[in-house]
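Novice: need a structure here:
(one chain, ligands or ions: 1)
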Amino acid sequence: MVISCDRCSSEFECDEIPRRGPICFRCHVQTIDFGFTHGKSDFHGPTVRERQRQQVEQASAAGIKAEPVGNRWV
Ligand SMILES: [Zn+2]
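Specialist: Numbering: from 1, shown residues only. Purely as a prediction, here's the structure:
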């Protein structure tokens, strides 16, 4: 069946309404993101942040001032 998301109104397909409610996976992930910051760091791992840090370091080593673009929604 096609379910229309309660949060962003986008339609997604599912066998039945998920236990989390009529929420698409994207919005569901965002909910997790807000609700469980601890689990989030496990989920993403240090790699993204670490890579970001390395890029900034390399850039500043090259004389360029660079900042990570956004902390969360990369
Ligand atoms: Zn949604």
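
Novice: What residues does the chain have near the ion?
Specialist: 5, 7, 8, 24, 27 (CB under 5 Å from the ion). (Glycine included, C-beta is placed from N, CA and C.)

Novice: Bridged to residue 2, which residues?
Specialist: Using DSSP bridges, the bridge partners assigned to residue 2 are residue 13.

Novice: for this structure, which spans come out with low pLDDT?
Specialist: Residue ranges of the chain with pLDDT under 70: 32-46, 64-74.

Novice: Could you pull out the buried residues of the longest helix seen in it?
Specialist: Criterion DSSP state H: the longest helix present in the chain is helix 47-61. Buried residues in helix 47-61, defined by neighbour count with 16 or more other CB atoms under 10 Å: residue 52.

Novice: For stretch 8-15, measure first residue to last.
Specialist: For stretch 8-15, the first and last residues are 19 Å from each other (CA to CA, to the nearest Å).

Novice: hmm, who's touching that stretch?
Specialist: Defining contact as CB atoms under 8 Å, 6 or more residues apart in numbering, one finds that stretch 8-15 is touched by 1, 2, 3, 4, 5, 24, 25, 26, 27.

Novice: from memory the fourth one sits against residue 22, does it?
Specialist: What that stands for is residue 4. Yes: counting by CB atoms under 8 Å, residue 22 is a contact partner of residue 4 at 6.8 Å.

Novice: Look at these two and report which has more neighbours.
Specialist: residue 22 (14 against 11; other CB atoms under 10 Å).

Novice: Tell me which two of the residues of the chain next to the ion sit farthest apart.
Specialist: By the measure CB to CB, 7 and 24 form the most distant pair in the residues of the chain next to the ion, at 7.4 Å.
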